[in-house]
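In: structure for this input, please:
(2 chains)
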There are 2 protein chains.
Amino acid sequence: MPQLVGNALIGQSGGPTCVINQSLVGVIETCMDSDAVQKIYGARHGIAGILTDDLIDLGRESRETLEAVAKTPCAALRSVRKKPTREECVEVLQALKRHEVRFFFYLGGNDSAETAHILNEVAMQENYEVRLFHVPKTIDNDLRVTDHCPGYGSAAKFVASAFMGDNQDNRSLPGIKIDVVMGRHAGWLTAASLLAREHEDDGPHLIYVPERVFDMDRFIADVEGSYRRNGRCLVAVSEGIHGPDGELIVKSAETDSHGNVQLSGSGALGDMLAAEVKKRLGSDLRVRADTFGYLQRSFAGYASETDATEAREVGRTAARIATSGERPHGSIFIQRHSTDGAYRASFEVCDLKEVAKETRDMEEGFLSGDNDIDPSFRDYVRPLVGQMPTAARLSDFPL
Amino acid sequence: MPQLVGNALIGQSGGPTCVINQSLVGVIETCMDSDAVQKIYGARHGIAGILTDDLIDLGRESRETLEAVAKTPCAALRSVRKKPTREECVEVLQALKRHEVRFFFYLGGNDSAETAHILNEVAMQENYEVRLFHVPKTIDNDLRVTDHCPGYGSAAKFVASAFMGDNQDNRSLPGIKIDVVMGRHAGWLTAASLLAREHEDDGPHLIYVPERVFDMDRFIADVEGSYRRNGRCLVAVSEGIHGPDGELIVKSAETDSHGNVQLSGSGALGDMLAAEVKKRLGSDLRVRADTFGYLQRSFAGYASETDATEAREVGRTAARIATSGERPHGSIFIQRHSTDGAYRASFEVCDLKEVAKETRDMEEGFLSGDNDIDPSFRDYVRPLVGQMPTAARLSDFPL
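Out: Numbering: from 1, shown residues only, chains lettered A, B, ... in the order given. The predicted model follows:
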């Protein structure tokens, strides 16, 4: 394959993560060090910025600024929720040609992989040589092929720490507490609440994920049983839980251009579940609901070191493979190697279409019944969250 | 004053904080080191545990366990929301006598100070000598006398970091975002969102606290103006905002035994404000609301070091003054000494009744108009939150 020489263009897309700028900086610094790359451009607000020619020059940034940006949560290039039409992809390709872009990196989830895939088809049809790479990110951890997604470890650390604290809160002032966690299609992030369990009676006592059908009657019975057993009950619920018909339990009328229904940015699901528990189990019960919301994907200063390091490396790998001409296009994925219980990751590349469109549910083995997560999931998630606090108890020695 | 010798009893009360166990351990370790203290008891669930004789032996805990407990959020002794009647206070005193308790420490907010104050009156009437001390804690920072309250710095750090991240989120995917922060009577915690502002156009762009009357029409006009100016708008709102009649904007039917209305553990206020913005400014606007909820007071692993150190010292001070016989009863407070811009705190004692019942609003000088906080507040809050992340931006160099 010929080694291309030209300009690079980078865009960020979809919901932010705490480490997406690590990947951005990984791409930029590797491009800076490559002879194949002349100018390094950034598109503000992803594909929307390319369509409106809203580009900036990233090659002039100092390494010091880049390092500080890498540690800052959310898309420094600004993001977008836009699925371009085929006509718009043709327009985007015109822009790439106009700016002599030979390396294009799109940082995002499965929708962004699909955009890169369509762009690649258009480029091949028009015979324009450009290296098109998808750099994965999502707190939902629901991309195919990869063992886990950059962004997930930090969000999982946040969720686990929130549950660890809330379990102590619930133990301090007993009652029924429902916490709603992000996760439209898959329960990966909600499942991370499992890490809060250290002692036998620690919460979350019940965990509901979208991989299972949610049944209100069973939910109420579960809560009642747990409350009777423990004198309190902490519940983790994915925002994407749905009934047997696949309909969400609570859904807003709003959808984005990918057809995704708005789930976050509202306390509706938690409040509805809390009201239902009160109605059925007694209005004198202390029932509360919190919805963790955007904090899960954007909270500053609490990223997982493992996640940060891997996100950086994923960006570097994309730029290295693109500029070396090793492959014309692709999506980067993380492979897990566990030898003697020690966690190690390598960074590989697969075809864009393997990652595009579809999402990945949790494996059956990680689920336990319809209201819990299997303890084996702990081994999966533990290395990804990095350093975690621990929760200690008094011994409650009798007098 | 005669030096008493006898047993010590400790209880925790009210909403948890991330460092309340630092104070608990400060009391315990100082009692362990005192010749005046024989046994060290803990009441589970505060005053409720004393009434039901649910006591544990804290003197047998290892220093290692205590150190681990100190770092764990929420009440290790478990908490309670209970305002004892005068009759119950008489019962409590019987229990103190029965267990030969000569040193009683109650860790809590203004309601707990009041409980300690009433207990003290009962003890004096009955001529039972017992050293009664209130050890302050509250994330609300609304106790009188003290410069600031143990627990506040950590909650403020959480809120500031959440806003720092959410400001980046809002910049990534522009829209109108409303974040609801704890604070029933006072805006101290909501005001900490100010620390998220680093660049001129950083949010929160609007801050609403209970010290001001909330007017829906002005709120909508403020949001519209800010959105027009910045292309986005991030809003910080105290859960305790109210109309000119003092009525809460959204209120649930639930109250505790102190007559406090339940505000937290529901997304109702944020969802209502978001719906109102959409209704008045256009349903096609991207409007979201998050309610930070219990995470603010219980999140594990992210306490302020300053807050943790001070909470420990407040507990130690209470036990030192009680056991030395320096004073028969009192509440510990923190005094700020700022020399040449360097922050230093000392730990003092005042009368129980100075802290009981009433709360403390933010000073007028810290407020700016009816929708913002004065920049001078930054000097007040900055030393209390300890280490904070920073948010960096790309330079957006033109092509």
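
In: how about the residues of the stretch 1-150 of chain A near chain B?
Out: By Cβ under 8 Å from any Cβ of the partner chain, the part of the stretch 1-150 of chain A that sits against chain B consists of A:12, A:15-16, A:18, A:41-42, A:44, A:55-58, A:60-61, A:65, A:68-69, A:71-81. Quick note: C-beta positions are derived from backbone N, CA and C, even for glycine.

In: of those, buried ones?
Out: For the residues of the stretch 1-150 of chain A next to chain B, a neighbour count by 16 or more other Cβ atoms under 10 Å in any protein chain shown gives the buried set as A:12, A:15-16, A:18, A:41-42, A:44, A:55-58, A:61, A:65, A:68-69, A:71-81.

In: follow-up on the earlier one: of the residues of the stretch 1-150 of chain A next to chain B, which belong to strands?
Out: A:Q12, A:Y41, A:G42, A:L55, A:I56, A:D57 (DSSP state E).

In: how close does the second one sit to B:P174?
Out: Right, A:Y41. 21 Å (Cβ to Cβ, to the nearest Å).

In: A:V237 against A:T190, yeah?
Out: Yes. A:V237 is in contact with A:T190 according to Cβ atoms under 8 Å; the separation is 6.9 Å.

In: okay, the two: which has more neighbours?
Out: A:T190 (31 against 28; other Cβ atoms under 10 Å in any protein chain shown).

In: just to be sure, the more buried one is in a helix?
Out: Yes. Under DSSP: H, G, I helix; E, B strand; the rest coil, A:T190 falls within a helix.

In: surely it is in contact with A:G183?
Out: Yes. If you go by Cβ under 8 Å, A:T190 and A:G183 touch, sitting 5.3 Å apart.

In: okay, and the common contacts of the two?
Out: Here A:T190 and A:G183 have A:V209, A:S238 as joint contacts, going by Cβ atoms under 8 Å, 6 or more residues apart in numbering or on different chains.

In: OK, contacts around the nearest residue to A:L195 once chain neighbours are set aside?
Out: Spatial nearest neighbour of A:L195, excluding adjacent residues (Cβ to Cβ, 6 or more residues apart in numbering or on different chains): A:A160 at 3.7 Å. By Cβ under 8 Å, 6+ apart, A:A160 lies in contact with A:A192, A:S193, A:L194, A:L195, A:A196, A:V385, A:M388.

In: now swap in A:V181 and tell me
Out: By Cβ under 8 Å, 6+ apart, the contact list for A:V181 reads A:V159, A:L189, A:T190, A:S193, A:A236, A:V237, A:S238, A:E239, A:F292, A:Q296.

In: burial measure for the second one, as a count.
Out: Which is A:L189. So A:L189, with other Cβ under 10 Å, has 29 neighbours.

In: quick one: pLDDT of it?
Out: pLDDT, A:L189: 98.

In: isn't it right next to A:H148, touching?
Out: No. Between A:L189 and A:H148 there is no contact under Cβ under 8 Å: 11.3 Å.

In: which one of the contacts of A:A160 has the most neighbours?
Out: Of those, with other Cβ under 10 Å as the count, A:A192 tops at 34 neighbours.

In: any idea how far the residue in chain A that chain B sits nearest to is from A:E239?
Out: Nearest to chain B in chain A, going by Cβ to the nearest Cβ, is A:G267, at a distance of 1.4 Å. To A:E239, A:G267 is 11 Å away according to Cβ to Cβ.

In: shared neighbours, these two?
Out: A:V180, A:T291.

In: one step back: and the ones in strands among the residues of the stretch 1-150 of chain A next to chain B, which two are furthest apart?
Out: Spatial extent of these (Cβ to Cβ) is set by the pair A:Q12 and A:D57 at 16.3 Å.

In: tell me, how many residues neighbour A:L295?
Out: Neighbour tally, A:L295, other Cβ under 10 Å: 28.

In: how about it, what does it touch?
Out: By Cβ under 8 Å, 6+ apart, the neighbours of A:L295 are A:F158, B:A162, B:G165, B:D166, B:D290, B:F292, B:L295.

In: gap between it and A:V223?
Out: 25 Å.

In: how far does the helix or strand that contains A:D222 sit from the chain's center?
Out: According to DSSP states H and E, A:D222 maps onto helix A:216-230. Centroid separation between helix A:216-230 and its chain, computed with Cα atoms, centre = their mean, to the nearest Å, is 30 Å.

In: residues touching the helix or strand that it is followed by, excluding its own?
Out: Next along the chain after helix A:216-230, taking DSSP H and E as the criterion, comes strand A:233-238. Under the criterion Cβ under 8 Å, 6+ apart, residues A:163, A:166-167, A:170, A:175-183, A:186-187, A:189-190, A:193, A:203-210, A:223, A:226-227, A:269-270, A:273 lie in contact with strand A:233-238.

In: the residue of chain A closest to chain B contacts B:G265, correct?
Out: No. Judged on Cβ under 8 Å, A:G267 makes no contact with B:G265 at a distance of 9.7 Å.

In: domains in chain A, by residue range?
Out: Structural domains assigned to chain A are A:6-150+A:302-355, A:153-301+A:361-385, following automatic domain parsing.

In: which of the contacts of A:L295 fall within strands?
Out: Cross-referencing the contacts of A:L295 against strands under DSSP E gives B:D290.

In: just put the contacts of A:L295 in a markdown table and tack on distance to A:G246 and pLDDT.
Out: Below are those laid out as a markdown table (distance: Cβ to Cβ, whole Å; pLDDT from 0 to 100):
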| residue | distance to A:G246 | pLDDT |
| --- | --- | --- |
| A:F158 | 28 | 98 |
| B:A162 | 33 | 98 |
| B:G165 | 32 | 98 |
| B:D166 | 31 | 98 |
| B:D290 | 27 | 96 |
| B:F292 | 31 | 97 |
| B:L295 | 31 | 97 |
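
In: which of the contacts of A:L295 sits closest to A:N127?
Out: Ranked by distance to A:N127 (Cβ to Cβ), those are led by B:G165 at 43.7 Å.

In: and the residue nearest to that closest one when sequence neighbours are not counted, what does it touch?
Out: Using Cβ to Cβ, 6+ apart and skipping the chain neighbours, the partner closest in space to B:G165 is A:S298 (3.5 Å). Contacts of A:S298 were listed using Cβ under 8 Å, 6+ apart, and they are A:P16, A:C18, A:P73, A:C74, B:G165, B:D166, B:Q168, B:D169.

In: neighbours around the fifth one, how many?
Out: By the measure other Cβ under 10 Å, the count of residues near B:G165 is 28.

In: mind checking how far it is from A:Q22?
Out: From B:G165 to A:Q22 the distance is 15 Å (Cβ to Cβ).

In: what's the answer for the third one, then?
Out: Between A:P73 and A:Q22 the computed distance is 10 Å (Cβ to Cβ).
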